[in-house]
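Undergrad: quick one, structure for this:
(one chain, ligands or ions: 2)
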Amino acid sequence: MLRRARKTPVWRQTQGLNLATDTASLVLGIETTCDETAAAVVERRSDGSGRILSNVVHSQIEDHAPFGGVVPEIAARAHVDLLDGIVARAMQQSGVGFKDLSGIAAAAGPGLIGGVIVGLTTAKAIALVHNTPLVAVNHLEAHALTPRLTDALQFPYCLFLASGGHTQIVAVLGVGNYVRLGTTVDDAMGEAFDKVAKMLGLPYPGGPQVERAAASGDAERFAFPRPMLGRADANFSLSGLKTAVRNEAGRLAPLQPQDINDLCAGFQAAALDSTADRLHVGLRIFRERFGAPHALVAAGGVAANQAIRGALREVATAAGTQFMIPPPALCTDNGAMIAWAGAERLALGLTDSLEFAPRARWLLDANVTTPAQFANTRAGF
Ligand code: KG4
Ligand code: ZN
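TA: Ligands and ions are numbered 1, 2, ... in the order given. Purely as a prediction, here's the structure:
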């Protein structure tokens, strides 16, 4: 068993190496930051490898679909209704008892605050009752560390995270050690897909609908802008592209099915070109600052898009690095990634007090100091 640390957590500079104190652990993870209610039990062995014992995810998509997007109040109430049953199922499927757990991890942000409060408070209650350490996990860190669970990927590597709420290129240098190389200056990529779908009358969530419609569309029919193309930084911008689609759709109204397909194809092609260019620059910046990454990793719902995957694979190949993508169920929000991030932190003695406050906003690279070998290399934003 790991020693219990009740004090305020100390940020440590680490490359995620197994320390002498590293022992095997079993961690329960809870995820409630958006519209998935999820819990999982994960084992982390002392050699740093991982195994998922259970992974229960309930998507609330049906609850939110009539509103064309996630409604925070509905999400929070659904988490309250569902979470205890989902934790019970995750525990039962894992075959592990609460007394066997080395830690309780919960996503403590960033996300919709009502849901975060439900998950974190539940985790605190379990931790308190069973006298088990609490690990407050940054949801983005959990996405970032997933390829270490699935593929035992070594640091450093480059993460492209594109979901409904985030679009980031991140240098993953160690547990708790992340440098954001690029981010969106306006809409998240999944959000842009969802908004385009909505304006074209396609149901929520829009990403898969746009991809499906694009498959039958002509990407050349409209000359949509390629945002940020050629810029020296690795940031994204998607709202101008979204507005261009809106203007074209308004001009053509009422839309015929083929118009919708062509608009989707044009939008997706522009988003894809922009993504490829941004990743190309991001990987170049990565290499200049940190040397060659061990992989380019994609995560988040948008990584399910086959066209975008293809573009990312090409970018990785051109940069001479391997492309890695966790299985779909671990790319989108789930409890296993939270449990795993908790286990990685626990292995380094990073636990949190029961006073840890839920965070609606929580930058991945906040509070991080740069390790000596990467001195003067942090992105300045
Ligand atoms: O990671 P995720 O499941 O949840 C969070 O946002 O946290 O990502 C969901 C987002 C939605 O915006 C959805 O439209 C988008 O990912 N998405 C896609 C595709 N599948 C899901 N976007 C483009 N193409 C897809 N095939
Ligand atoms: Zn997520």
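Undergrad: element containing the spatially most central residue of the chain, please.
TA: Closest residue to the average C-alpha location of the chain: residue 143 at 4.0 Å, with CA atoms, centre = their mean. Using DSSP states H and E, the element containing residue 143 is helix 139-151.
Undergrad: helix or strand right after that helix?
TA: Next in sequence after helix 139-151, counting helices and strands by DSSP H and E, comes strand 157-162.
Undergrad: partner strands of that following strand, with direction?
TA: Here strand 157-162 is paired, per DSSP bridges, with strand 167-174 (antiparallel), strand 296-299 (parallel).
Undergrad: what angle do it and helix 139-151 make?
TA: If you take axes from the mean of the first three to the mean of the last three CA atoms, to 10 degrees, strand 157-162 sits at 120 degrees to helix 139-151.
Undergrad: who's in contact with strand 157-162?
TA: Contacts to strand 157-162, defined as CB atoms under 8 Å, 6 or more residues apart in numbering, come from residues 140, 143-144, 147, 167-172, 181, 188-190, 275, 279, 282-283, 286, 293-303, 308, 312, 321, 324. Heads up, the C-betas are built off the backbone N, CA and C, glycines and all.
Undergrad: quick check: chain neighbours aside, which residue is closest to the residue of the stretch 101-250 of the chain found nearest ligand 2?
TA: Relative to ligand 2, the nearest point of the stretch 101-250 of the chain is residue 163 (4.7 Å; CB to the ion). Spatial nearest neighbour of residue 163, excluding adjacent residues (CB to CB, 6 or more residues apart in numbering): residue 300 at 3.4 Å.
Undergrad: thinking the one you found is in contact with residue 331, fair?
TA: Yes: between residue 300 and residue 331 there is a contact at 6.4 Å, judged by CB atoms under 8 Å.
Undergrad: distance check, the nearest residue in space to residue 141 that is not next to it in sequence against residue 258.
TA: Nearest residue to residue 141 in three dimensions, chain neighbours excluded: residue 341, at 5.3 Å (CB to CB, 6+ apart). Relative to residue 258, residue 341 is positioned 45 Å away (CB to CB, to the nearest Å).
Undergrad: what about these two, which has more around it?
TA: More neighbours surround residue 341 than the other of residue 341 and residue 258, with 30 against 13 (other CB atoms under 10 Å).
Undergrad: which stretches of the stretch 201-350 of the chain form strands?
TA: Ranges of strands in the stretch 201-350 of the chain, per DSSP state E, counting those that start in this stretch, are 296-299, 323-324.
Undergrad: and the shortest one, what does it pack onto?
TA: Applying 3 or more CB pairs under 8 Å, 6 or more residues apart in numbering; DSSP states H and E, we find strand 323-324 packed against strand 296-299, helix 306-318.
Undergrad: and among the strands of the stretch 201-350 of the chain, the most buried is which?
TA: Highest mean neighbour count of those: strand 296-299, a mean of 28 (counted as mean count of other CB atoms under 10 Å).
Undergrad: then that strand to PDB, C-alphas only?
TA: Output of strand 296-299 as PDB, limited to C-alpha atoms (Å, rounded to 0.1, in the frame of the first residue of the first chain):
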ATOM      1  CA  LEU A 296       2.100  11.600 -32.400                       C
ATOM      2  CA  VAL A 297      -1.000  10.500 -30.500                       C
ATOM      3  CA  ALA A 298      -4.600  11.600 -31.300                       C
ATOM      4  CA  ALA A 299      -7.400  11.600 -28.700                       C
END
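Undergrad: among the strands paired with strand 157-162, which is nearest residue 90?
TA: strand 296-299 (21.2 Å; CB to CB).
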